[in-house]
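sequence-free structure coming up:
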């Protein structure tokens, strides 16, 4: 039995939660044009993915690219989940800043450009297996 897959959360990457909070306070911050006025958006993208949204936009797509970054937000949320990423907030709403990071994340996920942020291995024991081992140990004592 496989362990359930834990989705990586975009909002947990360094700097993304702060940018999301700012977009919550000021709607214009979530607009793509905000990158020109707020260099911290590009700095966050550069730090997490190795390139900015403008560089991602200009990067050539491989033959057969499906244009997933142009899909409606709801469709992208489902597609990201299928790839192991949660791009929603704690209330399961799409991040307001998703438009600042979606292209970079898609290109990095598919190995076209950039890189994904490091994530350490999950070394926690499987809770199902741990309980089974504890049950076996109790049984042997009887």
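Okay, I see it. Just so it is clear, the structure is predicted and the values come from calculations on it, not from any experiment.

Tally up the residues packed near residue 68, please.
Using other C-beta atoms under 10 Å, residue 68 has 16 neighbouring residues. In short, each C-beta sits where N, CA and C put it, glycine included.

ok now stretch 47-57, how far from the chain's centre?
14 Å (C-alpha atoms, centre = their mean, to the nearest Å).

hang on, I meant stretch 57-70
With C-alpha atoms, centre = their mean, you get 18 Å for stretch 57-70.

And stretch 59-74, by the same measure?
The answer for stretch 59-74 is 16 Å, by C-alpha atoms, centre = their mean.

do stretch 97-106 as well
9 Å.

Quick check: pLDDT value at residue 6.
Note for residue 6: predicted pLDDT of 82.

Can you classify it as helix, strand or coil?
coil (DSSP: H, G, I helix; E, B strand; the rest coil).

Tell me where the model's unsure across the chain.
With pLDDT under 70 as the threshold, the chain has low-confidence stretches at 1-5, 118-130.

Tally up the residues packed near the closest residue to residue 67 other than its chain neighbours, please.
Nearest residue to residue 67, sequence neighbours excluded (C-beta to C-beta, 6 or more residues apart in numbering): residue 61, at 7.9 Å. Using other C-beta under 10 Å, residue 61 has 15 neighbouring residues.

just residue 80 next, same as before
23.

do residue 54 as well
For residue 54, the neighbour count with other C-beta under 10 Å is 14.

What of residue 95?
25.

quick one: contacts for the residue nearest the centre of the chain?
When C-alpha atoms, centre = their mean is applied to the chain, the residue found nearest the centroid is residue 10 (3.3 Å). Going by C-beta atoms under 8 Å, 6 or more residues apart in numbering, residue 10 touches 16, 80, 85, 86, 87, 95, 98, 101, 105.
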